[in-house]
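Predicted model and sequence follow; I will ask about them next.
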Amino acid sequence: MKKVYASAEDALEGVLHDGMLIAAGGFGLCGIPELLIDALVKSGVKDLTVASNNCGVDGFGLGKLLETRQIRKMMSSYVGENAEFMRQYLSGELELEFNPQGTLAERMRAAGAGIPGFYTKTGVGTVIAEGKEHKDFDGETYILERGIFADLSIVKAWKADDTGNLVFRKTARNFNPPAAMCGKICVAEVEEIVPRGSLDPDMIHVPGIYVHRIIQGQHEKRIEQRTTRKKETA
């Protein structure tokens, strides 16, 4: 089965539809699938629900989809670096489902493992627990969280072979593996496609069985907050 495509637009052809649920890898601007996000913007697909740790920043990453009003709902754990995200939420234009960060990652991972739900103590006694099933185990109360089964996963990796085996680099790994696993279709953009058999099996973070389409491209790799100090004088 062909997995390598020429462009992000080609890789998303026949996959998109209005109202779909998309799981997106990345953390801040680290390891985000920026080329696939740009292709989503160009496609005009709308009424999206996006599960991602955050929503990029104003004018970059998933923030571009906010600007074009293509996102209806965000499932996130952090919204702090995006003024447009805050504005749309406070004005009622954008629906928001807050998740504790570990819960969000586990909801993706659970779905990738075929697990429809799990119990966790995180959020018990807070607004996070409202409307959710409670159950006691060994004298402790837990709440039921559902797995996130996405229509589409979009992720960014460092290397891949043509079968879809993915390797992430350092902190760019973040949410990408669980996001990749939870989608009915996973599209990965990578910095380098290497020959089959050249990846050390022990270093593969996501097996190719989860990955359906791959593109290779150049990435901007913006720094979300650049912190520097003044040059010391001699």
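Received, thanks. Here the structure is a predicted model, which is why all the values come from computation and not from measurement.

Please count neighbours and contacts with C-alpha atoms only from this point.
Will do.

which helices and strands does the lowest-mean-pLDDT helix or strand in the chain pack with?
Least confident element among the helices and strands of the chain, by mean pLDDT, DSSP states H and E: helix 83-90 (a mean of 92). Counting contacts by 3 or more C-alpha pairs under 8 Å, 6 or more residues apart in numbering; DSSP states H and E, helix 83-90 packs against helix 63-67.

per-residue confidence at Ala234?
Looking at Ala234, its pLDDT is 58.

Val50 is in what secondary structure piece?
strand 48-51 (DSSP states H and E).

Please name the strands paired to that strand in the sheet, noting orientation.
Strand 48-51 sits in its sheet next to strand 21-24 (parallel), strand 71-76 (parallel), going by DSSP bridges.

Can you give me the buried ones in the helix or strand hosting Ile214?
Applying DSSP H and E as the criterion places Ile214 in strand 213-216. Across strand 213-216, burial judged by 16 or more other C-alpha atoms under 10 Å covers Arg213, Ile214, Ile215, Gln216.

Help me confirm that Leu62 comes into contact with Ala39.
No: here Leu62 does not reach Ala39: they are 11.3 Å apart, not a contact under C-alpha atoms under 8 Å.

Looking at the two, which one has more neighbours?
Neighbour count, other C-alpha atoms under 10 Å: between Leu62 and Ala39, Leu62 has more, with 29 against 18.

What distance do you get for the more buried one to Tyr89?
Noted for Leu62: a distance of 15 Å to Tyr89, by C-alpha to C-alpha, to the nearest Å.

swap in Asp58?
14 Å.
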